[in-house]
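>>> When you get a sec, could you give me coordinates for this:
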Amino acid sequence: MSRHVHGEIASQPEIWRYAAELAPSVSGALPAAGERVAFTGCGTSWFVSIAAAMRRESQGLGESDAHVASEYPVGRRYDRVIAISRSGTTTEVIDLLERVDVPTTLITAVPDSPAGARADQVILLPEADEESVVQTRFATSVIALLRASMGEDLGTAIEDARTALEIDVAAYLAADQCTFIGSGWAVGLAHEAALKAREAAQLWTESYPAMDYRHGPIAIAQEGRLVWSLGGTPAGLPDDVAKTGALFIEHDLDPLARLVVAQRFAIARAEALGLDPDRPRSLTRSVILS
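Sure thing, here's the model as predicted:
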């Protein structure tokens, strides 16, 4: 059965190239070096915010925080707020944009949205929009845009994404549990990978900073389970995981391309169980609260 999400995942290398080429033309709406910035969103967009904030600060470009929109500390002072919402209709993001009194930018896939009407500036990524409820290419394309705006060359990441589309994930599908880990900005990617498998395949997943994994979470590792690194694996951790009987997974790819492999795993697992990853149980494209 043809599903939207397959084409959306496969299109990511080209959409990332588009996002990278767009970055210079929207630089005025994105953080300048030295600005104190908050990234915010809900669900996937919150995890994208975590990755973006950690990447930006690690590059020495300025203090950068990430907040889930519903818990944003309105009294904290920032030079700019970057809100992320695929649809531009997320209730908590709209409410936040109405409450903050600093310059705001919305990154979205949809023009003329309620959130866009409340933001000072809007960056549109319509080519990254999706039919599937489960986000894949919009999330990664936002990260690609932001990385390019930080001066990164995405050539290797794009080529790695093409490789990620060919990696066989069949050997992982029988696992009954998966923990995703990462260090630095890959922590946000690990959280997003875990969410994808929960949403699409109803799989028990967890996610942690890689250095924290041995501080408790490793207790559930055993044969038939996976520990999957999205980047920055600490020395010795693969050996510690092997001793538990769990399978340690790590691909020699840019962390964003590693996320593509995890997306494909989530979709393949869903289909193996007879689930529809385009329309996961109890989920809608956007959470709009009455």
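>>> show me what contacts the closest residue to Ile9 other than its chain neighbours?
Take Ile9 and drop its neighbours on the chain: the residue closest to it by Cβ to Cβ, 6 or more residues apart in numbering is Thr136, 5.0 Å away. Using the backbone N, CA and C atoms, a C-beta is placed for each residue, glycine as well. By Cβ atoms under 8 Å, 6 or more residues apart in numbering, Thr136 lies in contact with 5, 8-9, 12, 130, 196, 263.
>>> how near is Thr136 to His4?
10 Å (Cβ to Cβ, to the nearest Å).
>>> just to revisit the earlier point, what distance do you get for the residue nearest to Ile9 to Ser64?
For Thr136, the distance to Ser64 equals 24 Å [Cβ to Cβ].
>>> what do you get for Ala171?
Counting by Cβ to Cβ, the gap from Ala171 to Ser64 is 37 Å.
>>> neighbour count winner among those two?
Higher neighbour count among Ala171 and Ser64: Ser64, with 23 against 9, using other Cβ atoms under 10 Å.
>>> List the contacts of that one.
31, 36-39, 52-54, 56-57.
>>> For the stretch 51-200 of the chain, just list every one of the helices.
With helices called from DSSP state H, counting those that start in this stretch, the stretch 51-200 of the chain shows them at 91-99, 114-118, 137-149, 155-164, 186-201.
>>> Tabulate the CA atom coordinates of the fourth one in CSV.
Provided in CSV are the C-alpha atoms of helix 155-164 (Å, rounded to 0.1, in the frame of the first residue of the first chain):
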residue,chain,number,x,y,z
GLY,A,155,26.9,18.7,1.5
THR,A,156,28.1,15.8,3.6
ALA,A,157,24.8,15.6,5.5
ILE,A,158,22.8,15.5,2.3
GLU,A,159,25.0,12.7,0.8
ASP,A,160,24.7,10.8,4.1
ALA,A,161,20.9,11.2,3.9
ARG,A,162,20.9,9.5,0.5
THR,A,163,23.0,6.7,2.1
ALA,A,164,20.5,6.5,5.0
